[in-house]
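Novice: Pasting a predicted model and its sequence here:
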Protein chains: 4
Amino acid sequence: MPNQSPSQSPNQPNAVLLIHCPDQRGLVAQIAQFIFQYNGNIIHSDHHTDQQSGLFLMRLEWETSGFQIGRDEFAAAFLPLARKMNLQWEIHYRDQPDRVALFVSKQSHCLYDLLWRSAEGELPCEVALVISNHPDLGPAVEKFGIPFHVFPITADTKLAQEKAEIELLRQHRIDLVVLARYMQVLSPQMVEAFPNHIINIHHSFLPAFVGAKPYHQAFERGVKLIGATSHYATAELDQGPIIEQDVARSSHRDTVEDMVRKGRDLERVVLARAVRLHLERRVIPYGRKTVIFD
Amino acid sequence: MPNQSPSQSPNQPNAVLLIHCPDQRGLVAQIAQFIFQYNGNIIHSDHHTDQQSGLFLMRLEWETSGFQIGRDEFAAAFLPLARKMNLQWEIHYRDQPDRVALFVSKQSHCLYDLLWRSAEGELPCEVALVISNHPDLGPAVEKFGIPFHVFPITADTKLAQEKAEIELLRQHRIDLVVLARYMQVLSPQMVEAFPNHIINIHHSFLPAFVGAKPYHQAFERGVKLIGATSHYATAELDQGPIIEQDVARSSHRDTVEDMVRKGRDLERVVLARAVRLHLERRVIPYGRKTVIFD
Amino acid sequence: MPNQSPSQSPNQPNAVLLIHCPDQRGLVAQIAQFIFQYNGNIIHSDHHTDQQSGLFLMRLEWETSGFQIGRDEFAAAFLPLARKMNLQWEIHYRDQPDRVALFVSKQSHCLYDLLWRSAEGELPCEVALVISNHPDLGPAVEKFGIPFHVFPITADTKLAQEKAEIELLRQHRIDLVVLARYMQVLSPQMVEAFPNHIINIHHSFLPAFVGAKPYHQAFERGVKLIGATSHYATAELDQGPIIEQDVARSSHRDTVEDMVRKGRDLERVVLARAVRLHLERRVIPYGRKTVIFD
Amino acid sequence: MPNQSPSQSPNQPNAVLLIHCPDQRGLVAQIAQFIFQYNGNIIHSDHHTDQQSGLFLMRLEWETSGFQIGRDEFAAAFLPLARKMNLQWEIHYRDQPDRVALFVSKQSHCLYDLLWRSAEGELPCEVALVISNHPDLGPAVEKFGIPFHVFPITADTKLAQEKAEIELLRQHRIDLVVLARYMQVLSPQMVEAFPNHIINIHHSFLPAFVGAKPYHQAFERGVKLIGATSHYATAELDQGPIIEQDVARSSHRDTVEDMVRKGRDLERVVLARAVRLHLERRVIPYGRKTVIFD
């Protein structure tokens, strides 16, 4: 975990810069030079050029100990280079963990997993609240000392309830929404309120078995591997940019219930990996894809 | 490899019995009892009941050394029990390796792999001939001393050429056809000539990316794993019962060409595993699925 | 999960018979015949012959609905066949879940995982108590409503404390002890009190990196995969029969802390799989090995 | 494959620079700046800092189309920066494939695999010759039109034969030696003649099962996964820096022969991946470890 790495002092945490821009010569050199000239010690840099779209994407991490640009000065100092190279960018300081909201329905496995990881310091975030369309998981969440809000959803109330949820998320200054087996399709308004900041876990190896009951579909098809996929939610169901996927062996002996059980282990690990990659600013989505700087 | 197992004498090879029938009490006991009463030593038995369809499927392997029923007597001896329990069955003796025909186009990786495995004794079969719609791989095949036949295919000639191929396969008493990256869709006449005896390799994790150019589809979708699937060919493209699947990691760094290269390693191994399972009579297809007794 | 399978009525649960004996002709037939003649419906049977030792090992599962031998009559009814074939055997009824004790030290990941699985009905057992050499995890355990006992261990007190633990385990009629990252080496008295009924998780791919600090050893060696191994505890450290293993990718970017974090996900899943296999009576240990009937 | 990537013109191939040096500020910026000021278009850069040893390691790839420093001028032009930062470095041009010698004994699987990959253009190298201590594989090698040399080895003749081999390798200007299941331990003189330029495949998951007959050792220990490891050969047997590893499932049903067969598939793929990583200059060995820039 970066928080524990020997190169990071607790008071002077690392900064992470994410960049995407049109591909052009000199990007690596000039951006690295900018950090270096202000005495930043680059501890990791990685970049990728998408040949089809002519897009350059970069992640740069440096120690802020000794770095000569303050947090509130960075934008102004970086502006000339950003303009010249036509950069889109964001900066993130490792000592400012994201505030996260978890959405759940009735299943507890992904919820518990994320709460445990957060409580043990394994995920660099603060779980600020949990939202559900059912009251069932309230007691479990409250054991962790985290507020639990119920928003029952019907076809009629969905838009109004989502509006109230968005309001609540804004009040709590939520950076990231994680759908931890939330069994509702989000409306476009919710997706647009947090573009590329809603992470979902789908219990299949996408694009196979889109939509409802993927384990039943997998059982009917007789596949020899089952999968799980974590992706950013977009307006189109199960079509958002994929962050992480994994699979497990299945056989003719597995009932649908066995697949569901094996799948839970996949879902927990795949979702947790995706959330961690996002929180550490290792993901840049573009078009239907992601670049993962791991 | 069974051929090398200490329990098998070279002159008295093992017999394998595959059975499927309606589920009913006493199947395991009565079938095992039949083998035992004629002094067969069961070295492996496995079975599966499909609850949905009420189907019982079984594989039984025993040493024929000391077995009191000769090969030409087995059907008659087994008839009463088979009738009583309504069994469908086939028997296979391990010293009678299948005669196999490989179908290829221009890509050599699966072809070479299967020829090498066969030549080294790793696959219990005899590759009797190779058929292609292109002449390119002829010299490579002939180095292995195996006949190579070219049947160019166009939309107009396809049915007639396939008829000639079926004729040739019958002349050579072919038991199994393996489509080792044969880039033609078979017509129903070919599939029906060898029902559940044509094995294909599809270069994706089915049912994702059915049809043409699956690696291009995978690249566009931005998946984090690529796959390969071996299945029995049926009249519907890429819809036959799946025998084996596997996946490999992919990342944003992979071009389509990288995926193709990584995929070749998957395809070779997945196809070889499926062919081996079939040759050792470890597969029973039923409906859209397979049972694998491994 | 067998508990949910359509073939099992809630009042008449399945029975599982585990057998090992010298290899001989007719074992499968005669044992299956025994179950059948008393109207048991075999839903799964599997067996294995170890050629080196001439040992036959079998697992047989049948529906007790309609089975004509009561639980207290089985031993007597089975005795003649067991004597004739020289069988060692045990029978287990699926509605009598094992009583399990968890041993932990300060790390919570395996503990939480097993408590969650047990609470959700995913593991067919009852966690009767948790024992630790440190008080730290007490509050977490008590949230689950499970008794927590602290037995501090020093070199001087070890034998006495273990004696008290054994006493406590017997009072609670414990069937299985799970060392869920318990950082103490057990003395032979403890191992002998529960032979082949203590399951440990070791955080390496055994036999690589036996003993202390395996992730540090793995880091120093520069391996590209890290592993976890679940095995029965024996008097020799990390040498017991292996039940389950798995691995995950590692790279030069991983610090020891990263390996520890990745390893936690492996340990949880590998230990849970091993415990499930044992609880479902799918493991037969023999010599330094296990047979897994999955 | 980089050779096929759209960013690389056939006449102006990419250059790859590998660097290691003491860690210090400004390395990324100044090295990237050097390439940029001479109009090199960096298409990939990656670096790693080993905290324990204070070592900085870097791989930089750029298009030479438009690059203003000729091949024979590079060393002189780079010298000032290299001296100032105390860099150790080597440069490689992608149009100059390594000349490779394969060492084999009697097993053909890795040999065939590498010959096929090389012939199909999948590995960017030229297999210049094959050396063996047995004549058996000569005919197979000669089918590929590659010279085959036999050097029988006994305890008495080993040093003299190796000397002759080194001589032959030098005559052929061999860049890389690949031990493709060569069943001889190399003496220190051979290792020292090609330091970090001899790649071996060991048929176990190192450091488990060092030395002879690892599949027999794995069988005796009852492991649930078998592995293969590719590493640079050093004077100490099976102790060199690991380049790549992988594993496959095994079970109690596998005989030693089954493990050997499954292992062949692992060995081929793991060795081919390691050779490819080396040929593309993606490996920097240091101490007992490697950095892999993939």
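Specialist: That came through, no problem. Residues are numbered from 1 along each chain as shown, chains lettered A, B, ... in the order given.
Novice: Next to chain D in this structure, residues from the stretch 151-294 of chain A, please.
Specialist: Within the stretch 151-294 of chain A, the positions near chain D by C-beta under 8 Å from any C-beta of the partner chain are residue A:249. In this view, the C-beta of every residue, glycine as well, is placed from N, C-alpha and C.
Novice: bridging residues for the residue of the stretch 151-294 of chain A found nearest chain D?
Specialist: Nearest to chain D, among the residues of the stretch 151-294 of chain A, is residue A:249, at 7.9 Å (C-beta to the nearest C-beta). Note on residue A:249: beta-bridge partners residue A:225, judged by DSSP bridges.
Novice: same deal with residue A:179?
Specialist: Here residue A:179, judged by DSSP bridges, has bridge partners residue A:103, residue A:200.
Novice: ok, which stretches of the stretch 1-150 of chain A are helices?
Specialist: Secondary structure of the stretch 1-150 of chain A (DSSP state H, counting those that start in this stretch): helices located at A:27-37, A:74-85, A:109-119, A:138-143.
Novice: okay, the ones you listed in CSV with mean neighbour count next?
Specialist: Converted to CSV, the helices of the stretch 1-150 of chain A look like this (neighbours: other C-beta atoms under 10 Å in any protein chain shown):
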stretch, mean neighbour count
helix A:27-37, 21
helix A:74-85, 13
helix A:109-119, 22
helix A:138-143, 15
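Novice: Could you export the ones you listed to TSV, including columns for mean pLDDT and distance to chain B?
Specialist: Output for these, formatted as TSV (pLDDT from 0 to 100; distance: least, C-beta to the nearest C-beta, whole Å):
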stretch	mean pLDDT	distance to chain B
helix A:27-37	96	16
helix A:74-85	97	21
helix A:109-119	96	19
helix A:138-143	93	30
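Novice: Could you check how far the residue of the stretch 151-294 of chain A closest to chain D is from residue C:215?
Specialist: 26 Å (C-beta to C-beta, to the nearest Å).
Novice: Correct me if wrong: residue A:290 contacts residue A:241.
Specialist: Yes: counting by C-beta atoms under 8 Å, residue A:290 touches residue A:241, with 4.6 Å between them.
Novice: burial of the residue of the stretch 151-294 of chain A closest to chain D, as a residue count?
Specialist: Residue A:249: 12 surrounding residues under other C-beta atoms under 10 Å in any protein chain shown.
Novice: Residue A:155 now?
Specialist: Quick note: residue A:155 (other C-beta under 10 Å) scores 6 neighbours.
Novice: ok, now how distant is it from residue A:134?
Specialist: As defined by C-beta to C-beta, residue A:155 lies at a distance of 16 Å from residue A:134.
Novice: cool, residue A:216 as well?
Specialist: Computed as C-beta to C-beta, the residue A:216 to residue A:134 distance reads 21 Å.
Novice: Return the set of buried residues in the strand or helix carrying residue A:257.
Specialist: Under the criterion of DSSP states H and E, residue A:257 resides in helix A:256-279. Neighbour counts over helix A:256-279 (16 or more other C-beta atoms under 10 Å in any protein chain shown) mark A:257-279 as buried.
Novice: Flag every residue of chain A that's near chain C.
Specialist: A:1, A:4-6, A:108-109, A:112, A:116, A:120, A:122, A:143, A:253, A:255, A:257-258, A:261, A:264-265, A:269, A:272, A:294.
Novice: neighbour-wise, which of residue A:290 and residue A:241 wins?
Specialist: residue A:290 (27 against 20).
Novice: Please report how far that one lies from chain C.
Specialist: 19 Å (C-beta to the nearest C-beta, to the nearest Å).
Novice: Now do the SS call for that residue.
Specialist: strand (DSSP: H, G, I helix; E, B strand; the rest coil).
Novice: Could you tell me which residues touch both of residue A:290 and residue A:241?
Specialist: Counting by C-beta atoms under 8 Å, 6 or more residues apart in numbering or on different chains, the contacts common to residue A:290 and residue A:241 are A:232, B:222.
Novice: Poorly predicted segments of chain A, please.
Specialist: For chain A, the stretches flagged by pLDDT under 70 are A:1-11.
Novice: What are the structural domain limits within it?
Specialist: A:2-93, A:98-292 (automatic domain parsing).
Novice: how about the ones you listed in CSV, adding distance to residue B:21?
Specialist: Converted to CSV, the domains of chain A look like this (distance: least, C-beta to C-beta, whole Å):
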stretch, distance to residue B:21
domain A:2-93, 55
domain A:98-292, 16
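Novice: any idea which of those is most buried?
Specialist: domain A:98-292 (a mean of 19; mean count of other C-beta atoms under 10 Å in any protein chain shown).
Novice: Now do that domain: distance to the chain's middle.
Specialist: Offset of domain A:98-292 from its chain centre (C-alpha atoms, centre = their mean, to the nearest Å): 10 Å.
Novice: wait, what's in contact with residue A:117?
Specialist: Residue A:117 neighbours (C-beta under 8 Å, 6+ apart): A:123, A:272.
Novice: Chain A against chain B: which residues are in contact?
Specialist: That would be A:48, A:50-51, A:205-209, A:220-225, A:227, A:241-247, A:251-253, A:255, A:288-292, which are the residues of chain A within reach of chain B (C-beta under 8 Å from any C-beta).
Novice: Looking at the stretch 151-294 of chain A, what residue ends up closest to chain C?
Specialist: residue A:257 (4.7 Å).
Novice: how close does residue A:197 sit to residue A:191?
Specialist: 10 Å.
Novice: do the same with residue A:114
Specialist: Distance of residue A:114 to residue A:191, given as C-beta to C-beta: 21 Å.
Novice: now residue A:199
Specialist: Residue A:199 sits 12 Å away from residue A:191, going by C-beta to C-beta.
Novice: Those residues of the stretch 1-150 of chain A touching chain D, which are they?
Specialist: Checking the stretch 1-150 of chain A against chain D by C-beta under 8 Å from any C-beta, the hits are A:5-7, A:25-30, A:32-33, A:35-37, A:39, A:41-47, A:49, A:51.
Novice: 10 Å instead?
Specialist: Residues of the stretch 1-150 of chain A lying near chain D by C-beta under 10 Å from any C-beta of the partner chain: A:5-7, A:23-37, A:39-49, A:51-52, A:60, A:62-63, A:66.
Novice: For residue A:70, give its distance to residue C:184.
Specialist: Distance of residue A:70 to residue C:184, given as C-beta to C-beta: 50 Å.
Novice: what touches both of residue A:197 and residue A:191?
Specialist: By C-beta atoms under 10 Å, 6 or more residues apart in numbering or on different chains, residue A:197 and residue A:191 have these common neighbours: A:177, A:232, A:233.
Novice: now the last one: how far from residue A:290?
Specialist: With the distance defined as C-beta to C-beta, residue A:233 ends up 13 Å from residue A:290.
Novice: Likewise for the first one?
Specialist: In this structure, residue A:177 and residue A:290 are separated by 17 Å, where distance is defined by C-beta to C-beta.
Novice: Same question for residue A:152.
Specialist: 33 Å.
Novice: and what of residue A:67?
Specialist: 28 Å.
Novice: try residue A:26
Specialist: For residue A:26 relative to residue A:290 (C-beta to C-beta), the value is 26 Å.
Novice: next one: residue A:216
Specialist: Noted for residue A:216: a distance of 28 Å to residue A:290, by C-beta to C-beta.
Novice: what sits against residue A:196?
Specialist: A:176, A:232, A:233, A:234, A:240, A:241, A:278, A:283, A:284, A:285, A:286, A:290.
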